[in-house]
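Generate a structure from the sequence data that follows.
(chains A and B)
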2 protein chains.
Amino acid sequence: MKKILSAGIILCGLTVFGQTKEDSVQFSKISTEILNKGKAYTDLRELTKNIGHRLSGSQAYEKSVQWAAKKLSEAGADKVWLQEVMIPVWERGKESLQIKTAAGKWKTLKMLSLGNSEGTGGKDLSGEIIMVRSFAEYDTLTPDQVKDKIVFFNYPFSQSYVQTFKAYGEASAYRSTAASLTAKKGGKFAIVRSLSSALDDTPHTGAMRYKDDAAKIPAVAIGNTTADELQNLLQSQKVTAKLNSHCGMKGEKLSHSVIGEITGKKDQSVIVVGGHLDSWDVGEGAHDDGTGIVQSIEVLRTFKNLGIQNNHTIRVVCFANEENGVKGGQQYGKTTKENGEKHLFALESDAGGFSPRGVALEMDKAKIAQIKTWAPLFLPYGAYDFEGRYSGTDVYPLRDMGVPAAELVPDSQRYFDIHHTEEDRFEKVNRRELLLGATVMTQMIYMVDKNW
Amino acid sequence: MKKILSAGIILCGLTVFGQTKEDSVQFSKISTEILNKGKAYTDLRELTKNIGHRLSGSQAYEKSVQWAAKKLSEAGADKVWLQEVMIPVWERGKESLQIKTAAGKWKTLKMLSLGNSEGTGGKDLSGEIIMVRSFAEYDTLTPDQVKDKIVFFNYPFSQSYVQTFKAYGEASAYRSTAASLTAKKGGKFAIVRSLSSALDDTPHTGAMRYKDDAAKIPAVAIGNTTADELQNLLQSQKVTAKLNSHCGMKGEKLSHSVIGEITGKKDQSVIVVGGHLDSWDVGEGAHDDGTGIVQSIEVLRTFKNLGIQNNHTIRVVCFANEENGVKGGQQYGKTTKENGEKHLFALESDAGGFSPRGVALEMDKAKIAQIKTWAPLFLPYGAYDFEGRYSGTDVYPLRDMGVPAAELVPDSQRYFDIHHTEEDRFEKVNRRELLLGATVMTQMIYMVDKNW
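The predicted model follows:
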């Protein structure tokens, strides 16, 4: 295809107040700086290729703490420190899942134990599989029907929603609760269909939780193709499954979130921008959430490199332990409260390093209305969505203390193809998409810093 | 990351007129149908993997003609036919480019001859390289300085623009004219830095044109990394280049565009939706423009599968020869004029199978204003950009006849990483992004069919 574009796009008849020519020029400077000189992409290559996946409690996570502290210093932070956080230690170890029909031989399935799940202690745990498609269907089963069985929760990730997070939210209840539901009716372990938008065989891990009144039995995920095959098998015959795994909680450990800031020139009230430094223990934690980390560091670097005089303190927080505990976010909230530190705004990036489409907001209506007046400034950068919806998992504790909170909204089509999998690697991140996300984050922090 | 979204997004205070509840329901049906049952992705796998790249005049292109005709029938077209088109035949053949410094040995560079370029006839063509950064710099050179030299047009693809098509438009003048400019001052051949947003070493081909008053000397493209290395070398020493290539124009040939339609229930005026079936002779022609072809077929299939009663004839046109001649588009325009066939609208998809952001419009202001009143219907599908800007290369002849013309606007960040390269393969296309593009196209055709 070949054509030449005319100038930028201007959306509908938006009322343009709250923006100035000066802001528009500053937005352009930020964009030009980041798209040409941004280091987020090369930083991400280092994080993913030199360190790789980095589950809380692992040696790799501790390496990433040192790496992030160094990067924040190099980016120009006035102060860099580590915030102590007690984190749960979960380890996977070896694991295998096999199935067999009456007439057949054992066949090994691709699988991943769910995060936080207990394993079989290295012993074989086997039984007949029963399949349900939904909680409603499971509710119809009596304990007699479930006792000593393996329950396969075969709830599909909906393809119908344009915003894939909606499908994820819907299906994630199965991942969270399958084990405890199965245990309560006497089942041996649970299998869940992965929370995956891709029609492939990649299993997706992710956090599960045990209910206090249920035995801690194992839960594992299988990919879509394997789930389809198992579903077909179960329609015509009995299938036995055998799980052998070593995963489980190994107590707690002292770890750290990493924090760096540039001090406010007018006052020391704080604007937080961050992501989570930990990842699951498969793949490279690229989109989840290496991209959020390197974008947040890019925000700080860009303020320094452009010499933008920040009124308030701009603080990058690389949160520990989002994936299986959110202890980093909770500790940050607690420390903030204890220190009585005033926070103006908290922006997280934890939905992938894809082209930005806006910033989701969780704050009072007046502030949302004010941010919407800035929308025309963002439109040339592809960001148009500034609705009151949600913010980031790690900044929920701040939100709960009344701090206006937000999260970058990237295009969501590709995220759940690779989320929490072996496939979440550096190669799946596009340089320009990543940098454009960092651009919109920097622009938003600039506007908040200037106007609040 | 883990969170649950609330309902869809609603943009600013858009006045909602021209849309009805019925349209909103139909939009949702179209989206649900395509995201769940769309065949565009599996169609694209067939086209790219079973046929592969398909330059006009090649046997592969002729295979793709048969394939597209079959697909249109299967999708439910009432009529399918081939439209005769005389197309230019350009062939690449073997090619190599080497460089050498005074003290060094010959080193082979990754390269691609530009499309439509003549080659060296299998003989070595060598000379000293001189580098210019821009047309302005080239203009300062005298014929004496250029005579017998190889001119390296080292104009960088700008990273600054958010819309990458703008950078492409700017840089493409170098690809088009480098050979003739070099020839006019007596140079032997031209090297251009690829029109590439990726910082890698992939060379990008694409059409060049000879000016009538200049000798037809060769032009080749090198990737960004090689261009950087060559630039560094040339800053300190003389470099000799040697080209050996067999490419060139091999006359004309009869070929075909492929057309399929569902007849209008109210009248036979025509709404065109299409892309181009040909591709360059490297990679698999996935994003350029396999995606446009399979999306256009998806539009027709969706009308049939949902039983939408189309008032007007909906016609899918798979244009021949966009890449190196646009003869398919020109012939379609000519035939339309000869037959006096009334055309209501022509929509092309030829900017990649990425997440849609809108539809670019080229038509009178009143029609643009009307389409903008439909914008709130499209917003839940991520499409918000409905400005008067341009339309598709293949529908320019229709536009020139006064037909309202348009082109799908996908996210542009990744397109010029792989455009016209070995890397433009099926694996670079995301299923949901592709299907969402087809969704917005179908929705637009539905609105035009209903309202015009």
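
what about the stretch 51-200 of chain A, any weak spots by pLDDT?
Nowhere does the stretch 51-200 of chain A drop to pLDDT under 70.

can you list the residues of it near chain B?
Within the stretch 51-200 of chain A, the positions adjacent to chain B are A:159-160, A:162-166, A:168-170, A:172, A:197-199 by CB under 8 Å from any CB of the partner chain. (C-beta placed from N, C-alpha, C; glycine too.)

A:Met208 against A:Leu112, yeah?
No: between A:Met208 and A:Leu112 there is no contact under CB atoms under 8 Å: 11.4 Å.

the longest strand in chain A is where?
Identified as the longest strand of chain A according to DSSP state E is strand A:248-262.

Does anything pack onto it? Which helices or strands?
helix A:59-75, strand A:79-91, helix A:291-306, strand A:313-319, helix A:327-339 (3 or more CB pairs under 8 Å, 6 or more residues apart in numbering or on different chains; DSSP states H and E).

May I see the ones you listed organised as TSV, with mean neighbour count added?
Shown next, in TSV, are those (neighbours: other CB atoms under 10 Å in any protein chain shown):
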stretch	mean neighbour count
helix A:59-75	19
strand A:79-91	17
helix A:291-306	27
strand A:313-319	28
helix A:327-339	19
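
on that earlier part again, of the residues of the stretch 51-200 of chain A next to chain B, buried ones?
For these, a neighbour count by 16 or more other CB atoms under 10 Å in any protein chain shown gives the buried set as A:159, A:162-166, A:168-170, A:172, A:197-198.

Just to be sure, which of these are found in helices?
Residues of those located in helices (DSSP state H): A:164-166, A:168-170, A:172.

Select, from those, the two members most distant in space.
For these, the maximum inter-member distance is 11.9 Å, found between A:Thr164 and A:Ser172 (CB to CB).

give me every residue that touches the residue lying closest to A:Gln330 once chain neighbours are set aside.
Once flanking residues are discounted, A:Gln330 sits nearest to A:Pro397: 5.4 Å by CB to CB, 6 or more residues apart in numbering or on different chains. Counting by CB atoms under 8 Å, 6 or more residues apart in numbering or on different chains, A:Pro397 touches A:329-330, A:332-334.

Closest to B:Phe426 out of these?
A:Gly329 (39.8 Å).

Please name the residues that touch the spatially closest residue to the closest one that is not a sequence neighbour.
Nearest residue to A:Gly329, sequence neighbours excluded (CB to CB, 6+ apart): A:Asp394, at 3.5 Å. For A:Asp394, the contact set (CB under 8 Å, 6+ apart) comprises A:274-276, A:317, A:319, A:322, A:326, A:328-329, A:332, A:348, A:350.

returning to that earlier point: buried set for the longest strand of chain A?
Those would be A:248-249, A:255-262, for strand A:248-262 by 16+ other CB under 10 Å.

Next: stretch A:367-379.
Going by 16+ other CB under 10 Å, stretch A:367-379 has these buried residues: A:367-368, A:370-379.

I'd like to know how far A:Lys110 sits from A:Trp90.
Using CB to CB, to the nearest Å, A:Lys110 is found at 21 Å from A:Trp90.

count of neighbours near A:Thr42?
12 (other CB atoms under 10 Å in any protein chain shown).

same deal with A:Lys49?
12.

contacting residues around the closest residue in space to it that isn't next to it in sequence?
Nearest residue to A:Lys49 in three dimensions, chain neighbours excluded: A:Phe426, at 6.2 Å (CB to CB, 6+ apart). Neighbour list for A:Phe426: A:44-45, A:48-49, A:284, A:286, A:290 [criterion: CB under 8 Å, 6+ apart].

what pLDDT does A:Phe426 get?
For A:Phe426, the model assigns a pLDDT of 98.

for A:Val273, same thing?
99.

Can you verify my assumption that it contacts A:Val448?
No: using CB under 8 Å, A:Val273 makes no contact with A:Val448, being 9.8 Å away.
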